[in-house]
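Q: Pasting a predicted model and its sequence here:
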Amino acid sequence: MIIPVVLAGGVGSRLWPVSRQLYPKQFTALSAADGGAPHQGETLFQSTLTRLRGVADLAAPIVVCNEEHRFLTAQQLKEAQIDSANILLEPVGRNTAPAVAVAAIRALELGENPTLLVLPADHAIKDSAQLRAVVSAGAQLAQQGKLVTFGIVPTAPETGYGYIRRGQELETGLGELSYKVDSFVEKPNLSVAESYLSSGQYYWNSGMFMFTAARFLQELEECAPDILNSCRESMSAAQSDVDFIRICPEEFAQCRSDSIDYAVMEKTQDGVVMPLDAQWSDLGAWNSLWEASTKDEQENVLTGDVICEEVEGSYIHSHSRLVAAVGVKDLVLVETADAVLVAAKDKVQEVKRIVQRLEQAGRAESVHHVLVYRPWGSYESLAVGAGFQVKHIVVKPGGSLSLQMHHHRAEHWVVVKGSATVTCEEKVFVLKENESTFIPLGSKHRLQNRTSEPVEIIEVQTGSYLGEDDIVRFDDVYGRAPDTTQ
């Protein structure tokens, strides 16, 4: 049995303004195949799993994700028709070694020493057939007690990746090359990267691994016993919550942060690297998306409503309005409903510094988009002014907002599509299209969709404070804590 372990944490700050804290790049359709259009087609997270279809003896995945992405993860698994997944919620990020350790502990509870295929959730791989072939061979090596990593055959002297130096070739008879791992090396400068490329002895470190659950935990116990002990304590105190497994926050917070590379793979004597030549990209920044995408005659990647004159070698992406460019070269221009990024293509690694400044200033543009997804549907802020805010709210079929109240605002609801069930204090009634109601300040209320079609309403908030944290929850079908807005 092969269990994919998908590591779905991370924010992807270098892909701002598309990637945000509450909607990071792995949950967008930011694939090179479609030019990077978000929210259209399959997301990176979904592709990570669906490209494995056809691998023999493939089981339901284990997904390790952040607490704040739990409903997004569950919804995207459902959309991809992936059932019975285990979703482990990390209360804090502790890098890949602890994340895989808790997944391995969970995997041993599900079956007799399954093989784990560890995959980051935010990579693009165009040649899925080649990936499946290498994975199938890697599974056999894992069953022999090897700890397998997949090294990407380099196509350029890339300075943004770590590398793996291969050692002696193994005679496996599996039809795919494999080598003993000689060493892991840090991100090199350009001249060193050029020497790596010309030698043919080095691969890009993909962050993808394969081993049995028990074998990984055995190596972790030898190489980093403190991490294993913390993870075992965290999982022994874990709690099931609806579709999720909540890792004990008190115990997990005590765990040392470390990567699989440092904690295990650099120390084990059974490390194996298998070359993977499958048109891989980690889509870590806008230039890598440009490199992986189909370009026009002027070497541009243009997506959305874009008009260009005398533009070369650029990545321009419009999400919500016309973007026009004249006489520029090697530019990245990304427009969303609430932000525009303009950057030289060779400076896109520094976009994360913009995100840091937004965070320091407490600006919402680092956290979420104008369109915000919730387990019950979504809302979009249409207008904000002194003492008022207008939102477009969509409640999916069967969706229900929590029973709640606000200390500082009243709300006016107008149904523009569908039929909504409204609770306001002791009254429960149905609003149809073009009907409206008023929710007084301090009133307990709830909005529900008990139909098979989406419900859309326009909400006008009025009051002295309109922040999302002005919510007191009394009951919630999604098990959200009273002090959260997720």
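A: Now that the structure is in, tell me what you want to look at. Residues are numbered from 1 along each chain as shown.
Q: V334 and A56: what is the separation?
A: 40 Å (C-beta to C-beta, to the nearest Å). From N, CA and C alone the C-beta is placed, and that goes for glycine too.
Q: An error on my part: the question was meant for N449.
A: Distance, N449 to A56, by C-beta to C-beta: 41 Å.
Q: More neighbours: the two, which one.
A: N449 (24 against 9; other C-beta atoms under 10 Å).
Q: Now do the contacts for that one.
A: Residues counted as contacts of N449 (C-beta atoms under 8 Å, 6 or more residues apart in numbering) are 376-377, 395-400, 418-421, 455.
Q: quick one: which of these is nearest to L431?
A: Taking C-beta to C-beta as the measure, L431 lies nearest A420 of those, at 4.8 Å.
Q: okay, now that closest one: neighbour count?
A: By other C-beta under 10 Å, neighbour count at A420 equals 24.
Q: my read: it touches V430, true?
A: Yes - taking contacts as C-beta atoms under 8 Å, A420 lies within contact range of V430: 7.0 Å.
Q: which stretches of this protein have low pLDDT?
A: 31-40, 481-486 (pLDDT under 70).
Q: Regarding it, what is its longest strand?
A: Using DSSP state E, we find that the single longest strand of the chain is strand 202-212.
Q: From the chain's centroid, how far away is that strand?
A: Between the centre of strand 202-212 and the centre of its chain there are 19 Å (C-alpha atoms, centre = their mean, to the nearest Å).
Q: Could I get the buried residue list for that strand?
A: Y202, Y203, W204, N205, S206, G207, M208, F209, M210, F211, T212 (16 or more other C-beta atoms under 10 Å).
Q: neighbours of the nearest residue to L322 once chain neighbours are set aside, just the number please.
A: In space, and not counting its chain neighbours, L322 is closest to D305: 4.8 Å by C-beta to C-beta, 6 or more residues apart in numbering. Counted with other C-beta under 10 Å, residues neighbouring D305 total 13.
Q: hmm, back to that, the buried residues of strand 202-212: which two are farthest apart?
A: Spatial extent of those (C-beta to C-beta) is set by the pair Y202 and T212 at 27.2 Å.
Q: and the angle from the helix or strand harbouring A139 to strand 202-212?
A: Using DSSP states H and E, A139 sits within helix 128-143. In terms of direction (axes from the mean of the first three to the mean of the last three C-alpha atoms, to 10 degrees), helix 128-143 departs from strand 202-212 by 60 degrees.
Q: Tell me which residues are up against whichever helix or strand comes after helix 128-143.
A: Counting by DSSP H and E, the next helix or strand C-terminal to helix 128-143 is strand 147-152. Residues outside strand 147-152 that contact it (C-beta under 8 Å, 6+ apart) are 134, 138, 141-142, 161, 164, 166, 178, 181, 203-206, 208-211, 215-216, 219, 264-265, 268, 270-277, 280.
Q: for the longest strand of the chain, packing partners?
A: strand 115-120, helix 128-143, strand 147-152, strand 163-169, strand 271-276 (3 or more C-beta pairs under 8 Å, 6 or more residues apart in numbering; DSSP states H and E).
Q: Now the element after that strand, going C-ward?
A: helix 213-223.
Q: Regarding D182, what is its secondary structure?
A: Following DSSP: H, G, I helix; E, B strand; the rest coil, D182 is assigned to strand.
Q: so it makes contact with E169?
A: No - checked against C-beta under 8 Å, the pair D182 and E169 is beyond contact range at 11.4 Å.
Q: For those two, indicate the residue with more neighbours.
A: D182 (15 against 10).
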